[in-house]
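Enquirer: please find the sequence and the predicted model below.
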Amino acid sequence: MANNPIIDVIIPAFNEENSVGNVVKDIPKNLVREIIVVNNNSTDKTAVNATNAGALVLEEKRMGYGNACLKGIEHITQKETKPNIVVFLDADYSDYPEEMIDLITPIINGDMDMVIGSRALGNLEKGSMTPQQVFGNWLATFLLKLFYGVRYTDLGPFRAIKYNSLIALGMKDKTYGWTVEMQVKAAKQKMKTCEIPVNYRVRIGFSKVSGTVKGTIGAGYKIITTIFKYL
């Protein structure tokens with residue numbers, strides 16, 4: 001693994017036609033075997049633009065961030081040769097895909113099970129995160145420390161994890177609780193995890209979660225309930 005790890009990337013996408021192509025193009029192609037965009041019932045040209053950029057597009061009609069991620073996992077588990085590392089990345093171009101090397105390095109060189117890209121530790125472009133996102137991350141990571149004894153600064157979606165560790169987690173969440181479920185289960189299984197700083201810019205397009213009151217409340221509720229669910 002240290003020499004030539006096999007890395008697959010999963011990108012859940014819902015109506016991200018203006019950004020998904022940029023995300024796919026900026027992923028360092030020398031690092032990855034396959035880029036999988038899971039089109040989560042989009043009504044625009046997300047699938048077309050992702051394909052044109054060089055990604056494999058899977059269709060997932062069941063709405064939900066977790067559903068899209070689970071679809072991507074199902075795909076890679078069916079491969080004859082499994083990846084060593086799986087990277088998750090959003091389709092809105094708020095993260096910097098070229099920073100992927102920083103995420104996978106602690107796994108390759110430090111034998112970490114999972115690495116979270118922390119926006120809180122990196123440089124945040126003005127307006128890239130709403131006040132409610134910042135507060136929500138603070139509250140969630142505070143609760144993770146209080147109840148599970150793990151120190152995180154973010155629930156950042158840009159993350160890398162060993163394939164075997166990912167499968168061992170038995171991920172279930174179908175919506176907004178996906179990222180925190182992964183961190184909670186990793187804590188319960190005492191996996192080796194760390195954070196690295198990642199930069200974060202204003203996303204392209206409109207956020208379906210933090211951009212609406214309903215989305216913000218729904219995500220916040222799901223994240224908090226997920227933290228208590230596994231106590």
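Expert: Arrived safely. Numbering: from 1, shown residues only.

Enquirer: what's the pLDDT at the closest residue to residue 143 other than its chain neighbours?
Expert: Once flanking residues are discounted, residue 143 sits nearest to residue 227: 5.0 Å by C-beta to C-beta, 6 or more residues apart in numbering. (C-beta placed from N, C-alpha, C; glycine too.) As predicted, residue 227 sits at a pLDDT of 96.

Enquirer: contacting residues around residue 227?
Expert: Applying C-beta atoms under 8 Å, 6 or more residues apart in numbering to residue 227 gives the contacts 140, 143-144, 147, 180, 184.

Enquirer: which of those count as buried?
Expert: 140, 143-144, 180, 184 (16 or more other C-beta atoms under 10 Å).

Enquirer: which among the residues you listed gets closest to residue 31?
Expert: Proximity of those to residue 31 (C-beta to C-beta) peaks at residue 180, which lies at 26.7 Å.

Enquirer: next up, phi/psi of that closest one, please.
Expert: With angles defined as degrees, to the nearest 10, residue 180 sits at phi -70, psi -30.

Enquirer: what's the pLDDT at it?
Expert: We have a pLDDT of 97 for residue 180.

Enquirer: isn't it right next to residue 223, touching?
Expert: Yes: here residue 180 lies in contact with residue 223, judged by C-beta atoms under 8 Å, at a distance of 5.0 Å.

Enquirer: who touches both of those two?
Expert: With C-beta under 8 Å, 6+ apart, residue 180 and residue 223 have common neighbours 140, 155.

Enquirer: coming back round to it: which single one of the buried ones among the contacts of residue 227 is nearest to residue 38?
Expert: residue 180 (19.6 Å).
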